[in-house]
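Colleague: Give me a 3D structure for the following:
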Amino acid sequence: MNEGAIYVRATLPNSVNLDESVRLANEMRQKLRTFDEVKFVMSQTGRPNDGTDPTGFFNIEFHIQLFPEAEWKRAVSKEQLLSEMRAELETYPGINFGFSQPIQDNVEEYVAGVKSSLVVKIFGDDLNQLEDYAGQVEKVLATVPGITDLKVYKNIGLPELRIQLHDSKMARYAVNTADVQAVVAMAIGGQAATQFYENERLFDVRLRFQAEYRDDEEKIGNILIPTMDGKSVPLREIATIGFHTGPTFIYREGSSRYIGVGFGIEGRDLGSTIADAQRKVAAAVNIPKANKIEWAGEFESKERASRQLALVVPLVLVLILFLLYFNFGNYKDTLIAVGTIPFAFIGGFGSLWATGTVFGISAGIGFIILFGVNTINAIILIAVMKENVFRRKLPLAAAIRQGVHSRIRPVVMIALMGSMGLLPAALSTGMGSEIQKPLAIMIVGGLQVCMVLSFTVLPQLFFWMYRKEKAG
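Modeller: Here you go, the predicted structure:
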C-alpha cells in the first residue's frame with residue numbers, strides 16, 4: 001500500500017512577524033508528530049527561496065508523511081485522523097487551516113487563484129469595503145452545512161510607519177527633502193557605507209540606528225535632520241509620524257482588485273453545496289452593482305465540465321438512437337431498446353446511494369458507459385427473441401423465455417467483464433481514489449442492476465410491443 005501524505009496550510013494574521021511564525025510552526029509541528037500514524041513532518045514558513053510563491057510570514061505549510069495504513073497501531077481511518085489533527089490544530093485562535101494533498105494543493109491554487117480549492121471572489125476598488133463584504137460572506141458560508149476550512153485572504157492588515165513631511169515647516173527650518181529621505185532611510189532601514197571582503201565573497205557594511213533608538217514613534221521623531229545652514233532639527237518638527245494599517249497583499253485578476261473567501265467541502269456534493277451557499281449569500285449580503293462576485297476553483301471546473309456533459313450526453317443518446325434504428329430497421333425494436341436506457345439511471349444512482357457516494361462529474365461519465373452496455377444487452381436479447389418468434393415460429397411467451405435462457409451467458413459475461421475490471425478501483429481507499437471511485441462504483445453496481453433488469457423488464461417490453469402482432 002502506498003504511504004499517504006497530508007498537506008496542511010496554516011494562515012496566520014497578516015501582521016505576524018518572522019519570529020512568531022517560526023515559534024508557531026515549531027509548536028504545530030511537534031503537535032502533529034505526536035500522532036502515531038505520522039512518520040515525519042516538514043514545514044515551510046513564508047515563501048520558498050525561488051520566489052515562485054509570493055506570500056508572507058503569515059503562511060505556514062506542513063507536509064505530513066504517514067506510515068502505511070497496514071502499520072497503524074490504532075483502528076482509525078484517514079478521515080478520522082484528519083479530524084483529530086484538525087481538532088488539535090484549531091486550538092490556536094485566529095489561525096485558519098486547510099487540509100489537502102501536495103499536488104492537489106498546487107492544482108487548486110492554479111485553478112482558483114488563491115490557496116484554496118474553492119473561493120468566492122469579490123471585485124472592487126475600495127480595499128476596506130472589500131474587507132467588509134468578505135467578512136459578511138464568511139459569516140454566511142459558516143452556516144452552510146458541509147463547508148469547512150473557511151478563510152478570508154485579507155488585503156489589509158500590515159502595520160506601517162508613515163512619515164508625512166510638511167513643506168511649509170521644512171522651508172521654515174531650511175531642510176532639503178533629499179536630506180530627510182537619506183537620514184530616515186539610513187536610520188530605520190539602513191544604508192551601505194562600505195564593503196567587506198571575506199575570501200572571494202563581498203558583503204555590504206550597513207549603517208543603521210540600534211533598535212532601542214527606532215522602536216516607537218517618539219524615538220523616530222527624535223532623529224535629527226541636518227539643515228542647509230549647518231544646524232539640526234528633530235524629525236517630529238517637520239513631519240507627522242504615526243503607525244497605520246495598510247495593505248499587505250492586493251490580489252488582482254483581469255486588471256481588477258478582488259478579495260477572496262476560500263473554503264472546502266466535506267460530506268456533501270459540490271453542486272448542491274454551492275447552490276445552497278449562493279442562495280444564502282445572495283439573500284444576506286448586499287453587494288452593489290459596481291462590485292462583482294464570482295465563485296471559482298473546483299466549482300468553476302465543475303460548471304465547465306457540466307456544460308460539456310450537458311452537450312455530450314444528449315449527443316450520445318441521439319447517436320445511440322440512430323445506431324439502434326440503423327441496426328433494427330424499424331421503430332418498434334428501436335423503442336424497446338431505448339426503453340432500457342432508464343436502467344442505467346436506476347443502476348447508477350442506486351449504486352451511489354447504497355455506498356453513500358456523492359454524485360459528481362466522474363460518476364456522470366459512468367452513465368455514458370452504462371448507456372452503451374444497456375443497448376448491447378438489448379440488441380442481443382431482442383435479436384434472439386425476434387428470431388424465435390418470426391423465423392422459428394414459436395409462441396410469443398415461449399420465444400421470449402427461450403431467448404432469455406439462451407443469452408444468459410453472453411449478457412452475464414458483459415456485466416462481469418466490466419465489473420471485475422473496475423472492482424479494485426471501486427474498493428480503493430488510497431491517494432487519488434476520490435476521483436476514480438465514483439466512476440468505478442457507478443459501473444460495478446450499475447452493470448449488475450442493468451443485467452437483472454435486462455432479464456426481467458426488457459422481456460416484458462418486448463411482449464407488450466409484439467402481443468397484438470403475434471395474436472393477429
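Colleague: In a strand, residue 264, correct?
Modeller: Yes. Counting by DSSP: H, G, I helix; E, B strand; the rest coil, one finds residue 264 located in a strand.
Colleague: In three-state terms, label the spatially closest residue to it that is not a sequence neighbour for me.
Modeller: Using Cβ to Cβ, 6 or more residues apart in numbering and skipping the chain neighbours, the partner closest in space to residue 264 is residue 149 (4.3 Å). Just so you know, the C-beta spots here come from the backbone N, C-alpha and C atoms, and that holds for glycine as well. Recorded secondary structure, residue 149: strand (three-state DSSP).
Colleague: for residue 92, same thing?
Modeller: coil.
Colleague: Check what pLDDT the residue nearest to it when sequence neighbours are not counted gets.
Modeller: Nearest in space to residue 92, with sequence neighbours left out and distances taken as Cβ to Cβ, 6+ apart, is residue 24 at 7.1 Å. On pLDDT, residue 24 comes in at 90.
Colleague: So residue 55 belongs to a helix, correct?
Modeller: No. Read with three-state DSSP, residue 55 is coil and lies in no helix.
Colleague: residues in contact with it?
Modeller: 46, 47 (Cβ atoms under 8 Å, 6 or more residues apart in numbering).
Colleague: That one and residue 149, how far apart?
Modeller: 17 Å (Cβ to Cβ, to the nearest Å).
Colleague: Tell me, how many residues neighbour the residue nearest to residue 264?
Modeller: Neighbour count of residue 149, defined by other Cβ atoms under 10 Å: 20.
Colleague: which residues touch it?
Modeller: Taking Cβ under 8 Å, 6+ apart as the test, what residue 149 contacts is 96, 97, 98, 99, 116, 262, 263, 264.
Colleague: Show residues contacting stretch 356-368.
Modeller: 268-270, 302, 305-306, 309, 312-313, 316, 344-345, 348-349, 351-352, 435-439, 441-443, 446.
Colleague: Of the residues you listed, select the buried ones using a ChimeraX command.
Modeller: Here is the ChimeraX command that selects the buried residues among the contacts of stretch 356-368 (16 or more other Cβ atoms under 10 Å):
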select :269,270,302,305,309,344,348,349,351,352,437,438,439,441,442,443,446
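Colleague: can I assume residue 462 is in contact with residue 337?
Modeller: No. Using Cβ atoms under 8 Å, residue 462 makes no contact with residue 337, being 10.0 Å away.
Colleague: joint contacts of those two?
Modeller: Counting by Cβ under 8 Å, 6+ apart, the shared contacts of residue 462 and residue 337 are residue 382.
Colleague: re the thing from before, residue 89 versus the residue nearest to residue 264, what's the distance?
Modeller: When distance is defined by Cβ to Cβ, residue 149 is 11 Å away from residue 89.
Colleague: Likewise for residue 345?
Modeller: As judged by Cβ to Cβ, residue 345 and residue 89 stand 42 Å apart.
Colleague: hmm, back to that, any chance of CSV for the contacts of residue 149, columns neighbour count?
Modeller: CSV is the format used below for those (neighbours: other Cβ atoms under 10 Å):
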residue, neighbour count
96, 19
97, 19
98, 23
99, 20
116, 29
262, 29
263, 27
264, 19
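Colleague: Quick one: distance of stretch 85-103 to the chain centre.
Modeller: Here stretch 85-103 shows a centroid-to-chain-centroid distance of 15 Å under the convention Cα atoms, centre = their mean, to the nearest Å.
Colleague: Mean pLDDT per helix and strand in the chain: which one sits at the bottom?
Modeller: Lowest by mean pLDDT, DSSP states H and E among the helices and strands of the chain is helix 102-112, with a mean of 65.
Colleague: hmm, who's touching the strand or helix carrying residue 220?
Modeller: Following DSSP states H and E, one finds residue 220 within helix 217-221. Residues outside helix 217-221 that contact it (Cβ under 8 Å, 6+ apart) are 161, 163, 187-188, 212-214, 234-236, 241-243.
Colleague: can you rerun that using 10 Å?
Modeller: Helix 217-221 is contacted by residues 161, 163, 184, 187-188, 209, 211-214, 234-237, 239-243 when judged by Cβ atoms under 10 Å, 6 or more residues apart in numbering.
Colleague: Show me which of those residues are buried.
Modeller: 163, 184, 187, 209, 214, 235, 236, 239, 241.
Colleague: Check which helices and strands the one helix or strand the last one maps to is in contact with.
Modeller: So that's residue 241. Per DSSP H and E, residue 241 falls inside strand 239-247. In this structure, strand 239-247 packs against helix 127-141, strand 156-165, helix 167-172, helix 217-221, with contacts taken as 3 or more Cβ pairs under 10 Å, 6 or more residues apart in numbering; DSSP states H and E.
Colleague: Make JSON lines out of the ones you listed and add mean pLDDT.
Modeller: Shown next, in JSON lines, are the helices and strands packed on strand 239-247 (pLDDT from 0 to 100):
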{"stretch": "helix 127-141", "mean pLDDT": "89"}
{"stretch": "strand 156-165", "mean pLDDT": "81"}
{"stretch": "helix 167-172", "mean pLDDT": "91"}
{"stretch": "helix 217-221", "mean pLDDT": "88"}
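Colleague: Need the mean per-residue confidence for stretch 303-316.
Modeller: In this model, stretch 303-316 has a mean pLDDT of 81.
Colleague: export it as PDB, just CAs?
Modeller: Taking Å, rounded to 0.1, in the frame of the first residue of the first chain, the C-alpha atoms of stretch 303-316 are listed here in PDB:
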ATOM      1  CA  GLU A 303     -19.500  24.100 -14.100                       C
ATOM      2  CA  ARG A 304     -17.400  23.900 -17.200                       C
ATOM      3  CA  ALA A 305     -17.400  20.000 -17.200                       C
ATOM      4  CA  SER A 306     -21.200  20.100 -16.500                       C
ATOM      5  CA  ARG A 307     -21.800  22.200 -19.600                       C
ATOM      6  CA  GLN A 308     -19.700  19.800 -21.700                       C
ATOM      7  CA  LEU A 309     -21.600  16.800 -20.300                       C
ATOM      8  CA  ALA A 310     -24.900  18.600 -20.900                       C
ATOM      9  CA  LEU A 311     -23.800  18.700 -24.600                       C
ATOM     10  CA  VAL A 312     -22.200  15.300 -24.800                       C
ATOM     11  CA  VAL A 313     -24.900  13.200 -23.100                       C
ATOM     12  CA  PRO A 314     -27.700  14.300 -25.400                       C
ATOM     13  CA  LEU A 315     -25.500  13.700 -28.400                       C
ATOM     14  CA  VAL A 316     -24.600  10.200 -27.200                       C
END
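Colleague: Now tell me what touches that stretch from outside.
Modeller: Residues outside stretch 303-316 that contact it (Cβ under 10 Å, 6+ apart): 270-271, 274, 295-296, 360-362, 364-365, 367-368, 371-372.
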